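Chemist: fold the following and give me the result.
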Amino acid sequence: MSDELSTEEQPAKVMLTPAIERSLSALTLEQTDQGARDLALLYAQLIDDPKAAEKYTKALRLVSEAVSSFADDLPITAGDQMRTAWDRISSALAEHTVVSDLGPKLLATLTALGMTPAGRAAKSAPAPPPANGAVAKPAPILTELEKARNRARQRNAGA
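Modeler: Coordinates of the predicted model:
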């Protein structure tokens with residue numbers, strides 16, 4: 001394996017959004033599932049087009065400026081290699097950050113929609129009988145996702 005950076009094209013990236021769209025279109029969703037559907041699409045789109053996390057923006061800009069300044073003083077080939085290396089590092093950081101933050105959230109949303117083996121198993125499993133003859137509590141009206149969305153709306157309305 002060569003230590004030199006090549007300018008060869010990278011392998012095609014697997015895009016999640018089209019796959020999620022196809023899977024969602026095959027489902028019959030209740031009106032109450034539309035929020036989770038939209039959230040799954042948003043997560044897939046953000047994973048497909050990662051941007052560096054906002055918390056890294058200032059540091060990335062400073063390093064980028066330093067790389068450019070230093071690379072300008074090098075022979076053209078070395079400067080180009082340095083810029084290419086920086087672009088790859090920056091891109092990898094953005095992808096890693098987005099996928100590590102949103103990947104588990106996307107999986108949880110897909111599971112809630114019954115789009116994973118675990119989600120389908122949970123939907124088809126019978127409810128356990130109440131212990132000691134107790135009456136089962138009715139299911140909560142709002143899902144956790146809806147509660148979180150309502151809290152976010154309240155925070156945004158107060159801002």
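
Chemist: the lengthiest helix in the chain - what's its average pLDDT?
Modeler: Among the segments of the chain that qualify as a helix by DSSP state H, the longest is helix 76-112. The predicted model assigns helix 76-112 a mean pLDDT of 79.

Chemist: helices or strands up against it?
Modeler: helix 16-25, helix 34-48, helix 57-72, helix 117-124 (3 or more Cβ pairs under 8 Å, 6 or more residues apart in numbering; DSSP states H and E). Bear in mind the C-beta positions are built from the backbone N, C-alpha and C, glycine included.

Chemist: could you list the buried residues of that helix?
Modeler: Neighbour counts over helix 76-112 (16 or more other Cβ atoms under 10 Å) mark 79, 81-83, 86, 90, 93-95, 97-98, 102, 106-112 as buried.

Chemist: centroid-nearest residue for this protein?
Modeler: When Cα atoms, centre = their mean is applied to the chain, the residue found nearest the centroid is Leu102 (3.0 Å).

Chemist: just give the closest residue to that one, not the sequence neighbours.
Modeler: Tyr43 (4.9 Å; Cβ to Cβ, 6 or more residues apart in numbering).

Chemist: quick one: low-confidence ranges for this protein?
Modeler: 1-11, 52-57, 127-142, 159 (pLDDT under 70).

Chemist: quick one on the thing from earlier: what's the neighbour count on the residue nearest to Leu102?
Modeler: By the measure other Cβ atoms under 10 Å, the count of residues near Tyr43 is 24.
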